[in-house]
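Peer 1: need the 3D shape of this:
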Amino acid sequence: MTGQGRDLKLHIQVSRAHFFIFVIRPLARLLMFGLAQTARRSTAIFLLSLAVCPLLTLRRAHAQELSAVEQTGATQRTENGDAGSSPALTAFSLQPLVASFHPDSSSPLDFRQDSTGQQSTSQQLTQASVHEKPPVESELITEGEGSFGHYHIFAYSWFSELYTGGIEYDRHCWNYFLKSQMDWVAEVLPVTILHQPSNTDVFGDPLSPAQFINPGLGIYPVGLRMKWRYDKGWQPYFIIKGGMLFFSHKALSKDAAYQNFSLQTGLGMQRRLTKRVDMRVGYEDIHFSDAFVVPSNPGLDVMAYDGGIVYHLGK
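Peer 2: You can find the predicted model right below:
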């Protein structure tokens, strides 16, 4: 009886092992593959939406400007028609003739000034045809960023440090929200330095104390900045940018990828120095990872300081 019980227990253990090998493990692999594919698609859709939204907003703003210009021109033509003035071609063709024969004329044909003291028809047509577009507020920022700490939120590794330097462009493309000025942001980081371990495992953990410098390039084509007190001396802001980081060596792990998706979020303060020049300092969270494009995805979350010189354009 004891032998039969032992055989039954062994049979149950073997059945469980077979169930795990042939059912549970394939399902787990399939689930992980599905999650990786979903992460890739979600990241691609997110970056595509960030790229399309500014283009749609710019197209809508351009259409509104054209509509306003057409309405202004139609209103001006209606007023000129109600006043009994001649068409534009007739006005400009008769003006030299009237000026030559009647240099001091105050008749209704005088296009410089009529009897009521109102502006001439030619001046009204000139003002209607010329629409000066106000310059768009924009800024060019030379900035630098450096890491001073790490934490685990969306990434695993924290044995590397990131330092960047480049140029950021901010343009007032949208309206205002929560009393803040809404700006589109783009950034290029030609100086991108990742100080990482030389020998790591698949998770990015160092296998030796040796480290090396991994140079790269950062491109953030889409972003949003919300700036409050935009007409004051002290201007607090919130900023978020999405883009890619490219490195000359595999980042964070020998089994990871060369290219990584990146997201920056930060808070800061901008101080006006002169009419054209400002200075800003802030704090940023920089995240980058390869989104499981390859099986190894250590990722890195960096706490970073940010500082830059702001030059105002379009004013």
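
Peer 1: residue boundaries of the helices in the stretch 101-250 of the chain?
Peer 2: Ranges of helices within the stretch 101-250 of the chain are 121-129, based on DSSP state H, counting those that start in this stretch.

Peer 1: give me the below-cutoff pLDDT ranges for this structure.
Peer 2: 1-70, 72-134, 315 (pLDDT under 70).

Peer 1: show me where it has its strands.
Peer 2: Using DSSP state E, the strands of the chain run over 138-150, 161-171, 176-177, 180-197, 211-228, 234-247, 259-272, 277-289, 300-313.

Peer 1: need those strands in TSV (columns: distance to residue 253 and mean neighbour count).
Peer 2: Quick note: C-beta positions are derived from backbone N, CA and C, even for glycine. Below are the strands of the chain laid out as TSV (distance: least, C-beta to C-beta, whole Å; neighbours: other C-beta atoms under 10 Å):
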stretch	distance to residue 253	mean neighbour count
strand 138-150	15	17
strand 161-171	15	20
strand 176-177	40	12
strand 180-197	9	19
strand 211-228	11	19
strand 234-247	12	19
strand 259-272	11	19
strand 277-289	11	18
strand 300-313	11	18
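
Peer 1: tell me which of the ones you listed sits nearest to residue 71.
Peer 2: strand 176-177 (23.2 Å; C-beta to C-beta).

Peer 1: and the closest one, which strands flank it?
Peer 2: Sheet partners assigned to strand 176-177 using DSSP bridges are listed as strand 180-197 (antiparallel).

Peer 1: relative to strand 161-171, how tilted is the partner strand?
Peer 2: On the basis of axes from the mean of the first three to the mean of the last three C-alpha atoms, to 10 degrees, strand 180-197 is oriented at 160 degrees to strand 161-171.

Peer 1: what sits against residue 136?
Peer 2: Listed by C-beta atoms under 8 Å, 6 or more residues apart in numbering, the contact partners of residue 136 are 171-173, 314.

Peer 1: ugh, wrong one, residue 307
Peer 2: 143-144, 279-282.

Peer 1: could you do residue 219 as well?
Peer 2: Counted by C-beta under 8 Å, 6+ apart, residue 219 has contacts 187-189, 243-244, 246.

Peer 1: hang on, the earlier thing: what would the contacts of residue 136 look like in JSON lines with distance to residue 225?
Peer 2: Listed next are these as JSON lines, based on distance: C-beta to C-beta, whole Å:
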{"residue": "171", "distance to residue 225": "10"}
{"residue": "172", "distance to residue 225": "9"}
{"residue": "173", "distance to residue 225": "11"}
{"residue": "314", "distance to residue 225": "16"}
